[in-house]
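1. just a sequence and a predicted model for now, questions to come.
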Amino acid sequence: MALGERMTIDILCKVVDNYGDIGVVYRLAKALAERAPEAKLRLVVDDLGAFAKLEPAVDPSLEAQELGAWTVLSWRARWPGFVDEPPSIVLECFACGRPDWLEERLFDPARTDTRHIINVEHLSAEDWVDGLHLMPSLTRSALVKKWIFMPGFTPGSGGLILDGAFMEARGRWARARREGSLGNERLALAKRLGLPLADGDESALWLAAFSYERDYSAVMRSIAAYAAGGGRRPVLALAASGRSQACFMEAWERAGRPCAALALPFLPQDDWDELLLACDFSIVRGEESLSRAALAGRPFLWQAYLQDEAHHQVKVAAFLEALRPFLADGDWQAVAEAHREFNERQRDDAAHAGAEDILPLLAGLERLAAGYGAFAESLEKNGNLADKLLTFIATLV
């Protein structure tokens, strides 16, 4: 999509949920660059250390740097480039606000041009999303227009980010499953990531766990019950680096190591995507990994970001309704019950034990995979968030 050689888009991000916020923003920037390579992107991030974990080429000690064709800036930077070329299109991700120095340039009373702020909101399946998408919002200046852009699970929303690397990898892993070469793909991935697989691990049921802190005893009971069933595949549990890894591995030890398990190192974004696509079942958290798990088309359990007055449970219920048409009633009930129990909490800590039972999900994995796969196809048909965002920007300039 041609936006013109002078089009500059500023993308703002504050890191609140560990790597989830910057994960979405980094993926969005990659997708925008793919779809509009002529646009200039400037990323303003308050935690460059978190960004560097996802993209090792970022130097967190620098307040201003070039990352390929992008300019990456610290939230603290008073970069002269914003004087030479003041902001005109600003993507304010997750209502993160704006640094004072950028605010001065954006609302400079000497400017006579029209500027636009687009608040790229959190992902939700709630009913109001389509109605709020692309709605205007007031600012203190008539020359600074603000708009609300809603990612979502419906054609009337902004959709999900379909970045090229993820979609290519998804197609490759889907072919490996169809053609019977999944084990070889997994061995190659494990070698590249330095994962110490034992003989036969490549054909096991791969289960990834990436959540907030919690007691994983109930999940381990389900895994142990699955492993005890005759004729079932062995399980390889992959505990992602982060807040849930210690909880998961401690529960695994307490349960008597009912399956093979690996504590993973921190993986850059593309590597985590590959691992998620390689898995048969995943436990994911937040927004970034939810969107990837949904597009991956494999069964998963989602833990939502904890919100006041238990609103996270409202978000989970809305997501389950979006998923419902793609699953048989009994399967949906099992998935819904596991989600509700996994998200029924007042806090995130290692002592919080839920009552979730994922045994029905593991036992019915192939049946569930067909439904989750159809759900993923429907999300792809909704369109690429990056395309929808660029189309909207083109109407403003």
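-> Nice, I can see it.
2. show me where the stretch 151-300 of the chain has its helices.
-> Along the stretch 151-300 of the chain, the stretches classed as helices by DSSP state H, counting those that start in this stretch are 164-179, 182-193, 217-228, 245-254, 269-278, 288-296.
3. need the winner for burial among those.
-> Of all the helices of the stretch 151-300 of the chain, helix 288-296 has the most neighbours on average by mean count of other CB atoms under 10 Å, namely a mean of 24. Glycine gets a C-beta too; all of them are placed from N, C-alpha and C.
4. dump the helices of the stretch 151-300 of the chain to a markdown table, plus mean pLDDT and distance to residue 321.
-> Formatted as a markdown table, those follow (pLDDT from 0 to 100; distance: least, CB to CB, whole Å):
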| stretch | mean pLDDT | distance to residue 321 |
| --- | --- | --- |
| helix 164-179 | 97 | 24 |
| helix 182-193 | 98 | 32 |
| helix 217-228 | 96 | 24 |
| helix 245-254 | 98 | 29 |
| helix 269-278 | 97 | 23 |
| helix 288-296 | 97 | 14 |
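5. make CSV out of the ones you listed and add distance to residue 210.
-> Shown next, in CSV, are the helices of the stretch 151-300 of the chain (distance: least, CB to CB, whole Å):
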stretch, distance to residue 210
helix 164-179, 16
helix 182-193, 15
helix 217-228, 13
helix 245-254, 8
helix 269-278, 8
helix 288-296, 6
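6. quick one, which of these is nearest to residue 92?
-> The closest of those to residue 92 is helix 288-296. By CB to CB, the value is 17.7 Å.
7. quick one, the closest one and helix 269-278 angle?
-> Helix 288-296 runs at 50 degrees relative to helix 269-278, counting by axes from the mean of the first three to the mean of the last three CA atoms, to 10 degrees.
8. tell me the mean pLDDT over the next helix or strand after helix 288-296?
-> Scanning forward in sequence from helix 288-296 by DSSP states H and E, the next helix or strand is strand 300-303. On average, the pLDDT along strand 300-303 is 98.
9. what is strand 300-303 packed up against?
-> Packing contacts for strand 300-303, counted by 3 or more CB pairs under 8 Å, 6 or more residues apart in numbering; DSSP states H and E, involve strand 281-285, helix 288-296, helix 329-343.
10. helix or strand right after the lowest-mean-pLDDT helix or strand in the chain?
-> Within the chain, no helix or strand scores below helix 81-84, which has a mean of 91 by mean pLDDT, DSSP states H and E. Going down the chain from helix 81-84, the next helix or strand is strand 89-93, by DSSP H and E.
11. let's see that next one as CSV, backbone CA atoms only.
-> Coordinates of each C-alpha in strand 89-93 appear next as CSV, following Å, rounded to 0.1, in the frame of the first residue of the first chain:
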residue,chain,number,x,y,z
ILE,A,89,0.6,10.0,12.6
VAL,A,90,1.0,8.6,16.1
LEU,A,91,0.0,5.0,17.1
GLU,A,92,-0.6,5.2,20.8
CYS,A,93,-0.6,1.5,21.7
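12. pairing partners for that strand, with directions?
-> If you go by DSSP bridges, strand 89-93 pairs up with strand 8-13 (parallel), strand 115-120 (parallel).
13. could you dump these to CSV with mean neighbour count, mean pLDDT and distance to residue 134?
-> Converted to CSV, those look like this (neighbours: other CB atoms under 10 Å; pLDDT from 0 to 100; distance: least, CB to CB, whole Å):
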stretch, mean neighbour count, mean pLDDT, distance to residue 134
strand 8-13, 24, 97, 17
strand 115-120, 21, 98, 9
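14. now for the closest residue in space to residue 305 that isn't next to it in sequence: which residues touch it?
-> Leaving out its chain neighbours, the residue that sits closest to residue 305 by CB to CB, 6 or more residues apart in numbering is residue 286, at 5.3 Å. Listed by CB atoms under 8 Å, 6 or more residues apart in numbering, the contact partners of residue 286 are 17, 20, 303, 304, 305.
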